[in-house]
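*Asks:* give me the fold of what follows.
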Amino acid sequence: MRLLAVLAVLGAQAAGAQVRGTIVDTGGAFLRDAEVQVWTGTRYLGQLNTDEQGTFRLRRLEVDSLTLTVHRIGFNTRIVELAASDTAVLVRMEPAPVRLAPVTVASTGRRICPNREDPRARALWTAMRGRYWQPTSPAVVVFGLLEKRSGVGSKQDVYDPAAGERSTGWTEDALLIAHPELMALSGYATRANGGTGFRTAFWQYRFLDDGGMQDFTGDWFGQAHTLSTVDAGGETVLVFCPRERMQRTGQMEGTLRLDVAMNLVQAQWRFRTPPPDEDAGGEAMYLPPALALGRALLVRESWFWRKTNGGRYYFEAKTFTGWRRSNAVPR
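*Replies:* Residues are numbered from 1 along each chain as shown. Below you'll find the model as predicted:
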């Protein structure tokens, strides 16, 4: 994953020369209005936009390294590392994957919880978690480029790439997994005091949408939920429901979608709390486990939402690219 874009070196000049870049789609069509952010290590230097011919020009700076992140709505973000001799780059942008539809119980329209423990579902979950990092494994710290979109609007705005305000930065995370003793006290949501329009108001929700959260493969998740399967057109989909009756803290319920290799592809969840119910929940899409990244469960895209006063929703949408082990952080 070190180089996530197609990089074509067309010539060479000394440092300080101009670099000319062209952004195209997989068919070779020019992409105008693509955003090209310029970084040295984790320090942000500025942003350029491509013209009608999909081009941009950048003057070389006296720094050890330059990294370009290229973003355009409808395409995967690309990361390009420039060598000192590069004077021209060609970046091919791949279309963003289509989001998987939410899982519903076929034709019945009923809620998925409560459910009854299914030994087959438990065996599938155990096989899935065996493919990922566990606390008994060596510690892993990862970092990646985080693009975040947040705002207040309708529930449909959660998935609208044009809605909300955007920010970009590098994130560094130790892999976090739910500790049974702590989770027994705090649950998945705890009482909080805050303002409307932000992530926290009446309840503080666990950040399951963060890039390095390992909750769905951890011991506490298995202990706290009953697992069953649901008819989803031949796909392997597990339903998880809280075992215990709700107390003073929040719980969650939802689904886990697995691929044929028993990798976790998608998680969808709904927080359940005592009143007030903020209709809070989230979704995450995951990358396959990679040995170079410690077999960590790493988010590709995620979404979080909760209802605010007036029936509108606060939302956060996150896209993670360029995951690496922290000892490779560019300086």
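
*Asks:* and residue 312, its phi and psi?
*Replies:* phi -90, psi 170 (degrees, to the nearest 10).

*Asks:* quick check, pLDDT for the closest residue to it other than its chain neighbours.
*Replies:* Distance criterion C-beta to C-beta, 6 or more residues apart in numbering; nearest residue to residue 312, sequence neighbours excluded, is residue 152 at 5.4 Å. Glycine gets a C-beta too; all of them are placed from N, C-alpha and C. Residue 152 is assigned a predicted lDDT (pLDDT) of 93.

*Asks:* could you do the one 10 residues further on as well?
*Replies:* The predicted structure scores residue 162 at 89 on the pLDDT scale.

*Asks:* how close does the closest residue to it other than its chain neighbours get to residue 93?
*Replies:* Nearest residue to residue 162 in three dimensions, chain neighbours excluded: residue 73, at 6.8 Å (C-beta to C-beta, 6+ apart). Distance, residue 73 to residue 93, using C-beta to C-beta, to the nearest Å: 11 Å.

*Asks:* okay, the two: which has more neighbours?
*Replies:* For residue 73 and residue 93, the more surrounded residue by other C-beta atoms under 10 Å is residue 93, and the numbers stand at 23 against 10.

*Asks:* and the spatially closest residue to the more buried one that is not a sequence neighbour, how many neighbours does it have?
*Replies:* The shortest distance from residue 93 to any non-neighbouring residue, by C-beta to C-beta, 6+ apart, is to residue 75 (4.1 Å). The burial count assigned to residue 75 is 18, neighbours taken as other C-beta under 10 Å.

*Asks:* which helix in the chain runs the most residues?
*Replies:* helix 119-129 (DSSP state H).

*Asks:* quick one: that one to chain centroid distance?
*Replies:* 24 Å (C-alpha atoms, centre = their mean, to the nearest Å).

*Asks:* could you list the alpha-carbon positions for that helix in CSV?
*Replies:* The C-alpha coordinates for helix 119-129 follow below in CSV (Å, rounded to 0.1, in the frame of the first residue of the first chain):
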residue,chain,number,x,y,z
PRO,A,119,-24.0,-22.1,17.3
ARG,A,120,-23.3,-21.8,13.6
ALA,A,121,-23.2,-18.0,13.8
ARG,A,122,-20.9,-18.2,16.8
ALA,A,123,-18.5,-20.5,14.9
LEU,A,124,-18.5,-18.1,11.9
TRP,A,125,-17.7,-15.1,14.2
THR,A,126,-14.9,-17.1,15.8
ALA,A,127,-13.4,-18.0,12.5
MET,A,128,-13.6,-14.3,11.4
ARG,A,129,-11.9,-12.9,14.5
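
*Asks:* buried ones in it?
*Replies:* Within helix 119-129, the residues that qualify as buried are 121, 124, 125, 128, 129, counting by 16 or more other C-beta atoms under 10 Å.

*Asks:* want to try TSV for those, with pLDDT and distance to residue 272 as columns?
*Replies:* Listed next are the buried residues of helix 119-129 as TSV, based on pLDDT from 0 to 100; distance: C-beta to C-beta, whole Å:
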residue	pLDDT	distance to residue 272
121	95	20
124	95	23
125	97	20
128	95	23
129	95	23
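
*Asks:* looking at these, which is nearest residue 27?
*Replies:* Taking C-beta to C-beta as the measure, residue 27 sits nearest to residue 128 out of the buried residues of helix 119-129, at 36.4 Å.

*Asks:* got any ranges where this structure has weak pLDDT?
*Replies:* 1-16, 97-110, 173, 176-178, 193-197, 246, 327-331 (pLDDT under 70).

*Asks:* got the contact list for the residue nearest to residue 260 when sequence neighbours are not counted?
*Replies:* Leaving out its chain neighbours, the residue that sits closest to residue 260 by C-beta to C-beta, 6+ apart is residue 236, at 7.9 Å. Neighbour list for residue 236: 124, 229, 257, 258, 259, 260 [criterion: C-beta atoms under 8 Å, 6 or more residues apart in numbering].

*Asks:* neighbours of the fourth one, just the number please.
*Replies:* Read it as residue 258. 19.

*Asks:* now it: how far from residue 231?
*Replies:* With C-beta to C-beta as the criterion, residue 258 and residue 231 are 15 Å apart.

*Asks:* same deal with the last one?
*Replies:* Residue 260 sits 17 Å away from residue 231, taking C-beta to C-beta as the criterion.

*Asks:* neighbour count: the two, which is higher?
*Replies:* Each of residue 260 and residue 231 has its neighbours counted (other C-beta under 10 Å); residue 231 has more, 13 against 7.

*Asks:* still on that earlier bit, in contact with the residue nearest to residue 93, which residues?
*Replies:* 25, 31, 93, 94, 95, 96.

*Asks:* swap in residue 94?
*Replies:* 26, 75, 76.

*Asks:* re earlier: as TSV, the buried residues of helix 119-129 with distance to residue 188 would be great.
*Replies:* Shown next, in TSV, are the buried residues of helix 119-129 (distance: C-beta to C-beta, whole Å):
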residue	distance to residue 188
121	20
124	22
125	18
128	20
129	18
